[in-house]
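A.B. asks: No letters, just coordinates:
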């Protein structure tokens, strides 16, 4: 998955701006780049660099500086049988020195540790991609929720206009004695009720816009939300970040498998010891002269941890079991995703089939309402019948608008499922 800030950059480069209109893609990119979790990408990168730096420093010479003083109840000395007057080593001994070691070959341990760290970094970032991807669905739900509420607001506003027009007509008819006061009161009450519904719908839409603005970090109060494209993805293969997370986990296990081999290899290194103190390496000299001296030794050291072979087989088996478990989880995810994709495609087909006659239904309801208005003028029907026809037309329009937005949302739920 492209990083959110890259998506935002692409949107800006293509000339899409938040000056008057806002698209769904822009909202998603802005929300993901604005979400506090995005800062973890930089933190993870810094963590990887620090860990790799520590691994690389394992090849630097290791120096241990020390100082010590001891007293012994017995020290090496010449046997009395030799008849010499040379005394043995002093019971009081002291030294200040340093031990130095340098790896020559570590059996590939540092190399595998670097590989493991990079694999672990990829796994951590893949897990972060999964968390950020969930923001997309929340933004889409808000976006389509605003579209639906604002469509309902528009239909309510149109309804209010029709009611006000008929109310003015009925008042004129009442003044001329051709309509009853109860008809005027009935339409006026409905007009006031519709005004209340309009206020509530506008308030809800404004509240949704504020929440979406918090997600995106941009004020959307005066922005027109553009209805997204209704095309269905042609490629139905899922490209979800969860799949990359599964793959990153498998790669991390593969890197750990190499470290098991490295643990069974011998280590070769140089070492040196140097100190100033008493006694020196030359014990005979230290027996005759108890002055401190400078001493040094150096050599090559070969070490081999044979015990690593005891656990090698079980360690590899643990990794295989872990990888098999990850593969099962991946297959379960793919199975559920394919099932969900099939269900969403069926729902989209169902909505398309239902929507085929929406335009005709709205047209017929509009014709019936216009005929009712004409009948009201001629005194054939009363206000109750007219309100019924107005309500039927409004409901038809709302249903058509709702199903159109529901279809768009269903298509984008499918795109979310596939990450298309």
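C.D. replies: Nice, thanks for sending it over. Since this is a predicted model, take the numbers as computed values, not measurements. Numbers count the residues shown, from 1 in each chain.

A.B. asks: C-terminal to the lengthiest helix in the chain, what's the next element?
C.D. replies: Secondary structure of the chain read by DSSP state H shows that its longest helix is helix 109-175. As assigned by DSSP states H and E, the chain's next helix or strand after helix 109-175 is helix 181-216.

A.B. asks: Can you tell me which helices and strands that following helix packs against?
C.D. replies: Using 3 or more Cβ pairs under 8 Å, 6 or more residues apart in numbering; DSSP states H and E as the contact criterion, the neighbours of helix 181-216 among helices and strands are helix 24-34, helix 109-175, helix 383-418. (Glycine included, C-beta is placed from N, CA and C.)

A.B. asks: Between helix 383-418 and that helix, find me the angle.
C.D. replies: Using axes from the mean of the first three to the mean of the last three Cα atoms, to 10 degrees, the interaxial angle of helix 181-216 with respect to helix 383-418 works out to 20 degrees.

A.B. asks: Could you tell me the average pLDDT over helix 181-216, please?
C.D. replies: Averaged over helix 181-216, pLDDT sits at 90.

A.B. asks: any idea how far it is from the chain center?
C.D. replies: Centre-to-centre, helix 181-216 and its host chain are 37 Å apart (Cα atoms, centre = their mean, to the nearest Å).

A.B. asks: List the buried residues in it.
C.D. replies: The neighbour-count check on helix 181-216 (16 or more other Cβ atoms under 10 Å) flags 183-184, 186-188, 190-191, 194, 197-198, 201, 204-205, 208-209, 212-213, 215-216 as buried.

A.B. asks: what angle do it and helix 24-34 make?
C.D. replies: Orientation note: helix 181-216 sits at an angle of 50 degrees relative to helix 24-34 (the same axes, to 10 degrees).

A.B. asks: after helix 181-216, next one along is what?
C.D. replies: Once the chain leaves helix 181-216, the following helix or strand, as judged by DSSP H and E, is strand 224-225.

A.B. asks: Neighbouring strands - and their directions - for that following strand?
C.D. replies: For strand 224-225, the pairing partners within the sheet under DSSP bridges are strand 21-22 (parallel).

A.B. asks: Give me the contact list for the partner strand.
C.D. replies: Strand 21-22 is contacted by residues 220, 223-226 when judged by Cβ atoms under 8 Å, 6 or more residues apart in numbering.

A.B. asks: okay if I get the helices and strands packed on helix 181-216 as a markdown table plus mean neighbour count?
C.D. replies: Listed next are the helices and strands packed on helix 181-216 as a markdown table, based on neighbours: other Cβ atoms under 10 Å:
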| stretch | mean neighbour count |
| --- | --- |
| helix 24-34 | 22 |
| helix 109-175 | 18 |
| helix 383-418 | 19 |
